[in-house]
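**Q** pasting the sequence and the predicted coordinates here, then a few questions.
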Amino acid sequence: MEWIREIGRLLLIVVLQVLLFNHLHIAIWGFPMVYILFLINLSPRVPRWAELLIGCVVGLLMDVWYSSLGVHMAACVAIAFIRPILLSNTVQDIERIKDNIAGRMIGVMEYAKCVIILTIIHHFIVFALEAWNFSQWWIVLLQTLISSIMTIFIILGYDRLKQ
Amino acid sequence: MKNLLQFLTRYSNFLIFLILEVVAFILITTTNHYQQSATWSAANKIVASIQHLATNITDYFSLREENVRLAEENAYLKTQMMLMNNASESVVERDSQYIYSHLDWEYIPAKVIGLTTHKQHNYLTINKGSYDGIVEDMGVVNQDGVVGIVSAVSERYALVVPLIHTEMNLSCRIQTNNYIGRTHWLGTNSTQLQLEDISRHVTVNKGDTIITSGLTPVFPSGILVGVVEQTNLTNSDNYHHITLQIAADYRKLSYVQVIHNRATHNIEYQTNQSLWSGLEK
């Protein structure tokens, strides 16, 4: 039954992303990609190979929506690979957590650290692959910076509300 | 063999990661950003119908604005009709110096249901597809000017590459002196385009009108693309750096017309014929 609930969560977050967060963009500079919350909050008990495949599917879903095949997939697979390493380095005895992770379980500061690192990596990969050449690298960096701030703000705000 | 198995089990996660990343990169490099596939883009039936549903709701918020715009367009069309009635047939002949005359073009109305303006590769989705006679490489305009070119078509929906897409180039000319150039988008401002390939001996002034060249079968000649906003020419430049204000406002786009060129098939057929006869010699 658990995985049905997870699929429901995924659909909800994708719909929220495409119908709500897509319209919050600031010109080309700020574009919050809140859907990565699903990947960040996955339960630590999910096996790593499954996590990579989930990242791949979530990325492809967004890619079909944005008509940018491969871009979000590459970024999501990357954060799905990094997340378990990051979690085991920041949180002690992560194995005891059975549910989806949240600020109140692993500590607000630790959670914020994970969210910030994963968001910046994901956004940088998306914007870099979208631009494809680095002749306008400053655009990529500025987009990453402003969009990351927006995404992190929304994700941590939601985590604060949940408590 | 045992060592290999041991190696594979130990690094299996890393291998999956590598394989998935390689697949992603292959997808990025092999998908042509201009010619999209209908299944794996927003022309996809499911994605497009969700977008359609969403615009049906958000449309209510811009009804008043849309009414004013339609009334203005009505008035404009009425005056055009009067002018056409009064004028003699020479009006039509004026365009005959270009390959395609206005009689060859048919306009298919469509509604924009999905649109991005904040990315490097922007796309818009329209609610007409192959059922309505839309095929790839048709031009798309609205009442203000050129909007883009159709790049992928499914049964009910089509994906359009707008002028604000970094890989989009459009052949166009300066109305006052007929010099031909092409547009290029820098990827930062959704209201501005660059006009390239205009040599330094050409005089370009702020406020000059830029229209479609009529050299491609996609657009008829003389559709507004934009107005020159700024020109820049240093001593070492061979070409002008021209910035255009785009005529179509992408942030308020709601209704567009897809242009069907009735003559295209004939002309392509003839070109192929001459090509084949040339090869045989």
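**A** Okay, I see it.

**Q** in this structure B:Gly148 contacts B:Ala158, no?
**A** No. If you go by C-beta atoms under 8 Å, B:Gly148 and B:Ala158 don't touch, sitting 10.7 Å apart. The way it works is simple: take the backbone N, C-alpha and C, and place the C-beta from them, glycine included.

**Q** who's more crowded, those two?
**A** B:Ala158 (29 against 25; other C-beta atoms under 10 Å in any protein chain shown).

**Q** dig out what that one forms beta bridges with.
**A** Using DSSP bridges, the beta-bridge partners of B:Ala158 come out as B:Ile126, B:Val153.

**Q** who's in contact with it?
**A** Residues in contact with B:Ala158 (C-beta atoms under 8 Å, 6 or more residues apart in numbering or on different chains) are B:Ala43, B:Ala110, B:Thr125, B:Ile126, B:Lys128, B:Gly129, B:Ile134, B:Val150, B:Ala152, B:Val258.

**Q** okay, the first one: pLDDT?
**A** We note a pLDDT of 79 for B:Ala43 in this prediction.

**Q** then the fifth one?
**A** In this prediction, B:Lys128 carries a pLDDT score of 90.

**Q** contacts only, for it.
**A** Here B:Lys128 is in contact with B:Ile108, B:Ala110, B:Ile134, B:Arg156, B:Tyr157, B:Ala158, B:Val258 (C-beta under 8 Å, 6+ apart).

**Q** mind doing that once more with 6 Å?
**A** Taking C-beta atoms under 6 Å, 6 or more residues apart in numbering or on different chains, we find B:Lys128 in contact with B:Ala110, B:Ile134.

**Q** need the phi and psi values for it.
**A** Dihedral pair for B:Lys128: phi -130, psi 140, per degrees, to the nearest 10.

**Q** the one 10 residues further on too?
**A** According to degrees, to the nearest 10, the main-chain angles of B:Met138 amount to phi -80, psi 150.

**Q** correct me, but it touches B:Val150?
**A** Yes. Counting by C-beta atoms under 6 Å, B:Val150 is a contact partner of B:Met138 at 4.5 Å.

**Q** picking up where we left off before, okay, the contacts of B:Ala158 in CSV with distance to B:Gln80 next?
**A** Below are those laid out as CSV (distance: C-beta to C-beta, whole Å):
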residue, distance to B:Gln80
B:Ala43, 33
B:Ala110, 21
B:Thr125, 29
B:Ile126, 24
B:Lys128, 24
B:Gly129, 29
B:Ile134, 25
B:Val150, 26
B:Ala152, 33
B:Val258, 20
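
**Q** quick one: B:His260 is in a strand?
**A** Yes. Applying DSSP: H, G, I helix; E, B strand; the rest coil, one finds B:His260 inside a strand.

**Q** measure the nearest residue to it once chain neighbours are set aside to chain A for me?
**A** Once flanking residues are discounted, B:His260 sits nearest to B:Glu106: 4.3 Å by C-beta to C-beta, 6 or more residues apart in numbering or on different chains. Note on B:Glu106: its distance to chain A, by C-beta to the nearest C-beta, to the nearest Å, is 27 Å.
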